[in-house]
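Novice: coords below, sequence missing:
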Ligand code: HEM
């Protein structure tokens, strides 16, 4: 009752007894994304409150609120949907809280040091070259391909190799038990995050897919523990630097190696802690980079002028004779237009559209009381469509980031503050490495001629006023992405493109 009284200060849809607004939320992640955007427009692009049963939720999009929440060292408890990953990853950096999170964050930060990133870059190069080779095969004869599907196996190879030092060859061996298990668990966590009863850990035991889920969990536990055990023994025997070619990619230090030399409270990490952090690295770094790379490639296909500018930049940085080789770490950092392109891609299609926090005590934010027991949904995706910050937000224009400087809490695809994305530099390096190679090897085209954007506008109608939206929906093409968010942004009908090999 108190929460209801206090939260009346926020605008929001009228709630019904018992269900709150749950009946209006939509049946699937696409409808949910539509609904949260519609309310945001309806409530004048401000924060708004909605209720799932008796649980109050605030959709937060005001920079002052975001600043308070993201800067806080105490408001760091995540929402219930993150718990779905716990049977797999346990309490790693994403899911832990309090002093465990604080100590582990400090311990893990050096694992993303510049020198280590350079090592990771070699792994990214190796797999992205393999990926380009594979794309040459599947794109022959003007075939249409779903880039989202292909990228998922590339990023799985990169993340397994950089996190554990093992090569699972997911790209070449998609149906292997381990590749399938990693894909299935990510799909499971994301599917259940918005499912009415499967999101409940106890009720999920009754589901028909529960036995398969348990089998997947066991495969992942056994595999990861086995890798850790071998690596721990190799470190003990002093053979860690001598790579066993079959099992370890042999290129560089893996995240697991740095964890093995780290300490917490003056002691080495336990096997469980090693397991949790390695699995978290995979969980946090797989679907996110898949989404980031796939949407960026999709945008290349629809925005040919921007693709041409990227290609010109590649020629400038790599030189006409260098177009076929790997870009060095330094060359990647010289690709400024690529940087802008990825920033703009993350503005319109952010890999993580919404993040969550839960208030364990009352908070006064920007002068407004937010009571204990409130779920705060931070609408990172809405920020990108706010026309008070971004002029003409439905226009795809990488150059805007040279002209418009959003405030520190007006554009935060990697979150901000002490709990921001620890893998941001890793992610950007991977996206840039892959995109740079794709642009040099292919002209990326839409699945059918004529689908290129003629005026620079996006195909998405999210965030458009209703009348404009209805008008634009009438021209929807079957290959336009159907956006959905269940933790990570995806397109439910794929991201379809064609590739034409460059000479
Ligand atoms: C395009 C790619 C990525 C995006 C957009 C992204 C975005 C984010 C966001 C928004 C958060 C905050 C989540 C929250 O507070 O609930 C986060 C946290 C995190 N990310 Fe990323 N991420 C990406 C890639 C990666 C990669 C590649 C890794 C690891 C290699 C990674 C590791 C993490 C970890 C461990 C956290 C939790 C940090 C903490 O709570 O202290 N991320 N990421």
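Specialist: The structure has been received and is ready for your questions. What you see is a predicted model, and the numbers here were worked out from it, not measured in a lab.
Novice: just the helices in the stretch 201-350 of the chain please.
Specialist: Counting by DSSP state H, counting those that start in this stretch, the stretch 201-350 of the chain has helices at residues 210-236, 255-260, 271-302, 304-318, 329-334, 336-348.
Novice: Report pLDDT for the residue in the chain positioned nearest to the ligand.
Specialist: Taking Cβ to the nearest ligand atom, the ligand has its nearest neighbour within the chain at residue 423, 2.2 Å off. Where C-beta positions appear, they are placed from N, C-alpha and C, glycine not excepted. pLDDT recorded at residue 423 is 97.
Novice: what about it, distance to residue 39?
Specialist: Distance of residue 423 to residue 39, computed by Cβ to Cβ, to the nearest Å: 31 Å.
Novice: mind listing what the nearest residue to the residue of the chain closest to the ligand once chain neighbours are set aside touches?
Specialist: Sequence neighbours aside, residue 285 is the residue nearest to residue 423 in space, at 5.3 Å (criterion: Cβ to Cβ, 6 or more residues apart in numbering). Residue 285 makes contact with 155, 159, 162, 163, 423, 426, 427, according to Cβ atoms under 8 Å, 6 or more residues apart in numbering.
Novice: Which of these fall within strands?
Specialist: Among those, none falls in strands (DSSP state E).
Novice: Weed out the non-buried ones from these.
Specialist: Of the members of these, the ones counted as buried by neighbours, 16 or more other Cβ atoms under 10 Å, are 155, 159, 162, 163, 423, 426, 427.
Novice: surely the first one meets residue 427?
Specialist: No - under the criterion of Cβ atoms under 8 Å, residue 155 makes no contact with residue 427, lying 9.8 Å away.
Novice: what do the two both touch?
Specialist: Common neighbours of residue 155 and residue 427 (Cβ under 8 Å, 6+ apart) are 285, 289.
Novice: Return the set of buried residues in stretch 494-503.
Specialist: 494, 495, 496, 497, 498, 499.
Novice: my read is residue 50 is in a strand, agree?
Specialist: Yes - Residue 50: assigned to a strand according to DSSP: H, G, I helix; E, B strand; the rest coil.
Novice: Show me where the protein has its strands.
Specialist: Under DSSP E, the chain gives strands at 48-52, 55-60, 145-146, 263-264, 267-268, 355-358, 363-365, 368-370, 375-378, 442-445, 483-486, 488-491, 496-501.
Novice: would you turn those strands into CSV with mean pLDDT and distance to residue 321?
Specialist: CSV is the format used below for the strands of the chain (pLDDT from 0 to 100; distance: least, Cβ to Cβ, whole Å):
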stretch, mean pLDDT, distance to residue 321
strand 48-52, 95, 56
strand 55-60, 95, 51
strand 145-146, 98, 30
strand 263-264, 95, 48
strand 267-268, 95, 49
strand 355-358, 95, 45
strand 363-365, 96, 56
strand 368-370, 96, 59
strand 375-378, 96, 47
strand 442-445, 98, 19
strand 483-486, 90, 41
strand 488-491, 96, 37
strand 496-501, 98, 18
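Novice: Distance to the ligand added to those, as a markdown table?
Specialist: As requested, the strands of the chain are exported to a markdown table (distance: least, Cβ to the nearest ligand atom, whole Å):
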| stretch | distance to the ligand |
| --- | --- |
| strand 48-52 | 18 |
| strand 55-60 | 12 |
| strand 145-146 | 19 |
| strand 263-264 | 15 |
| strand 267-268 | 20 |
| strand 355-358 | 4 |
| strand 363-365 | 17 |
| strand 368-370 | 17 |
| strand 375-378 | 8 |
| strand 442-445 | 19 |
| strand 483-486 | 12 |
| strand 488-491 | 9 |
| strand 496-501 | 19 |
